[in-house]
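> quick one: sequence and predicted model below, then my questions.
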Amino acid sequence: MYAEERQKVILERARRDGRVDVTGLAAEFDVTYETIRRDLTALERHGVLRRVHGGAIPVERLGFEPTLNVRDSVLTEEKERIAKAALAELPDEGAILLDAGSTTGRLAEQLPADRELTVVTNSLSIALTLTPRTNINLMLLGGRLRTRTQATVDAWALRALAESYVDVAFMASNGVSVERGLTTPDPAEAEVKRAMIASARRSVLLADHTKVGNDHFARFAAVEDLDLVITDTGLATGLAEELEASGPRVQVV
């Protein structure tokens, strides 16, 4: 197994179990303690793990919020598949909303050139992606820009959303669970996300498997507020059925 493959497994294990320890990983992969320590150091430099005595824990468990660049660099294949599947939910014409996020950003890159769409977004990076597209009527929400996520928040964004209505909102979330609903670390972003769902006829959550079962500080929706959840094949057994029991259809790609 290559180092990159091993590190991917380590990160997934940390997010699933809440922590990993050097001794257990070394035995599992049949490598030295020093090899595992190097893996953990590499993952810490990428901003996805934090080293602790004897092992590491995912930054999500510490309440840290990874930057957009960090989130955009992990689970890239899974996010590409999710974004591709989301294309089937686009209207032939009309308005959609793209929430700020790494997977919604990939959907923006894949939007077809053969239809006219109005795209509302609070993401500066998504707006920059779509600026050259002549078939896109781009509506960028104003407000305070959070540099960590490149998302606009607060009153200006909320006022615009209150006066808008779209066919489909493609949402991002740091965590989703049946018990706690959809959650994110920042209350200001949670408020904007709540308004986004309220402004849409249908809401589709784009979430890789590491988000499912995770809970964060600020809740902005219940699972039953969603029409569809698109996730990847790394989802643990039984979680898709749990989500579907609360209302939305779950598509695993």
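Good, I have the coordinates.

> got a list of what the residue sitting furthest away from the middle of the chain touches?
For the chain, the residue at maximal distance from the C-alpha centroid (CA atoms, centre = their mean) is Thr32, at 33.7 Å. Neighbour list for Thr32: Ala26 [criterion: CB atoms under 8 Å, 6 or more residues apart in numbering]. Glycine gets a C-beta too; all of them are placed from N, C-alpha and C.

> again with Thr103
Thr103 neighbours (CB under 8 Å, 6+ apart): 79, 82-83, 172, 206-208.

> pipe the residues you listed into a markdown table and attach secondary structure and neighbour count per row.
Formatted as a markdown table, the contacts of Thr103 follow (DSSP: H, G, I helix; E, B strand; the rest coil; neighbours: other CB atoms under 10 Å):
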| residue | secondary structure | neighbour count |
| --- | --- | --- |
| Lys79 | helix | 23 |
| Ile82 | helix | 26 |
| Ala83 | helix | 23 |
| Ala172 | coil | 26 |
| Leu206 | strand | 28 |
| Ala207 | coil | 26 |
| Asp208 | coil | 22 |
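
> out of those residues, who's nearest Ala195?
Closest approach to Ala195 among these (CB to CB): Ala172, at 14.4 Å.

> what's that closest one sitting at in phi/psi?
Main-chain dihedrals, Ala172, degrees, to the nearest 10: phi -120, psi 150.

> and it, how far is that from Asn137?
Ala172 is 22 Å from Asn137, where distance means CB to CB, to the nearest Å.

> go on, Arg159?
As for Arg159, its distance to Asn137 is 20 Å (criterion: CB to CB).

> before we move on, what about Ala26?
As defined by CB to CB, Ala26 lies at a distance of 55 Å from Asn137.

> mind checking which of the two has more residues around it?
Set Ala26 next to Asn137 and count neighbours by other CB atoms under 10 Å: Ala26 wins out with 17 against 13.

> surely that one and Tyr33 touch.
Yes: in this structure, Ala26 is within contact of Tyr33 by CB atoms under 8 Å, at 5.1 Å.
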